[in-house]
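Asks: model this:
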Amino acid sequence: MRRLTAFDEYLIHQTPEPLATVQTQHEHWRESLFFVAHRPDQLGDMVILTMATFPLRGIMDSLQMGNIGGTKVLAHSERPHAGDPHTMTTPAARIEVVTPFEELHLWADPEQSALGMDLTFSARTQPYALRRGNMRAGNELIWDQSHMLQSGWFNGTYTYEGTTREVINWWGQRDHSWGIRHHARCPLWMWLQLQLPDGFFGMWHWEFANGAPVYSDGCWTPADGGDPIPVVAFRHDFTWLQSDGAAARYGDHGETVAGLQGTASFTLAGGRTITVETGGRFDRPYEPFQRGGLNQVAFTTDDGRHGNGIIEITGAHHHRYFPDTTAPGPLPC
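Replies: This is a model prediction of the structure:
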């Protein structure tokens, strides 16, 4: 017997199925929200909250993580769907949509999580919907997903080890993705969120292990409410760094990696190209779950603007960024 959920009362269906029924019953089908907040004036603490629903596994889960005073923090909370696969709450965390695409409230209980938070996200740009992308290893589906990006302001507090700190007009971004993504079998992906006072660059970029591009989509979105401008070409040239600033080789699990530096170029629809020179810290490794992670970086554009943001580089195996890793099974090629 098929079960209905509370959302089935609303006029929101797009297929002749109950809303909790997804297109492909797949172990790695997920729908998730990701929020990351950091200071606009300098590299400092970074606060992240996620919420994801997994239809086949029948769970809702949340990660509360970041880098607080140089300490890498990670906490996890989950609940069974138990007839409710939609409400964005777990025992330790919740997300409330106050006004769609304008205001969301983030909460993590400091009594139940290593990183508590009480934050409001307020949009500073329009959202940007990326194209659907997919990738296979032979006939095996590895990635088939849609995605949106949006920059915003964060205000409120976060709590770590009994100390509550105030957040006043931190900036950062959120994304919302849905579909299939088998993280451990993706050769390489990059996710860039580079904040400037007048807008942000958002980028989602995938490659095969040999460096051939699979998918690339992103935007420059102004902070004055204007429409996003698509990125039509993207180039990257990054190097892992050791703690002494020397170039590092990632190795198997990033044992010596402490930071990242390099350049990225974004060519926008209409022909304008902006290049950024970046450098920063390896603030939130994803080990031992997957290789790579989030780097908090400061950057300068070639037209003289200054900002900071996040560069995520992760994947199973890649000729440049992860040349020494062993993938857990055949990779797309």
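
Asks: Please enumerate the strands of the stretch 101-250 of the chain.
Replies: 103-108, 115-123, 128-137, 140-160, 163-181, 188-196, 199-207, 213-222, 229-241 (DSSP state E, counting those that start in this stretch).

Asks: I'd like to check the angle between the second one and strand 140-160, please.
Replies: Calculated by axes from the mean of the first three to the mean of the last three C-alpha atoms, to 10 degrees, strand 115-123 forms an angle of 110 degrees with strand 140-160.

Asks: residues of strand 115-123 that come out buried?
Replies: For strand 115-123, a neighbour-count test (16 or more other C-beta atoms under 10 Å) marks Leu115, Gly116, Met117, Asp118, Leu119, Thr120, Phe121, Ala123 as buried. From N, CA and C alone the C-beta is placed, and that goes for glycine too.

Asks: cool, the third one as well?
Replies: Neighbour-count burial for strand 128-137, with 16+ other C-beta under 10 Å as criterion, is recorded at Tyr128, Leu130, Gly133, Met135, Ala137.

Asks: quick one: contacts for Tyr160?
Replies: Ile68, Gly69, Thr71, Val73, Ala114, Leu115, Gly116 (C-beta atoms under 8 Å, 6 or more residues apart in numbering).

Asks: Can you pull the phi and psi angles for the second one?
Replies: Pointing back at Gly69 there. Main-chain torsions, Gly69, degrees, to the nearest 10: phi 60, psi 30.

Asks: Can you tell me how far Ala246 is from Pro323?
Replies: Distance, Ala246 to Pro323, by C-beta to C-beta, to the nearest Å: 17 Å.

Asks: cool, Gly172 as well?
Replies: Counting by C-beta to C-beta, the gap from Gly172 to Pro323 is 31 Å.

Asks: How about Pro85?
Replies: 40 Å.

Asks: okay, the two: which has more neighbours?
Replies: Using other C-beta atoms under 10 Å as the criterion, Pro85 and Pro323 rank with Pro85 on top: 20 against 12.

Asks: list the contacts for that one?
Replies: Pro85 neighbours (C-beta under 8 Å, 6+ apart): Thr5, Ala20, Thr53, Pro55, Gly58, Met60.

Asks: right, and out of those, which lies closest to Phe238?
Replies: Closest approach between these and Phe238, by C-beta to C-beta: Thr53, at 32.4 Å.

Asks: Can you pull the phi/psi pair for the closest one?
Replies: The phi/psi pair for Thr53 (degrees, to the nearest 10) is phi -110, psi 140.

Asks: Same question for Tyr10.
Replies: Per-residue torsions, Tyr10: phi -90, psi 160 (degrees, to the nearest 10).

Asks: residues contacting Thr21?
Replies: Applying C-beta under 8 Å, 6+ apart, the residues contacting Thr21 are Arg2, Thr15, Pro55.

Asks: hmm, 7 Å instead?
Replies: Neighbouring residues of Thr21 by C-beta atoms under 7 Å, 6 or more residues apart in numbering: there are none.

Asks: Same check on the one 10 residues further on?
Replies: Remark: with contacts taken as C-beta under 7 Å, 6+ apart, Glu31 is in contact with Ala52, Thr53, Trp178.

Asks: any chance of these in CSV, with neighbour count too?
Replies: Formatted as CSV, the contacts of Glu31 follow (neighbours: other C-beta atoms under 10 Å):
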residue, neighbour count
Ala52, 19
Thr53, 23
Trp178, 18
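
Asks: out of those residues, which one sits closest to Trp220?
Replies: Minimum distance to Trp220 across the contacts of Glu31 is 24.1 Å, recorded for Trp178 (C-beta to C-beta).

Asks: beta partners of the closest one?
Replies: Glu31, Ser146 (DSSP bridges).

Asks: isn't it right next to Ser146, touching?
Replies: Yes: contact criterion C-beta atoms under 7 Å: Trp178 and Ser146 qualify, at 5.8 Å.
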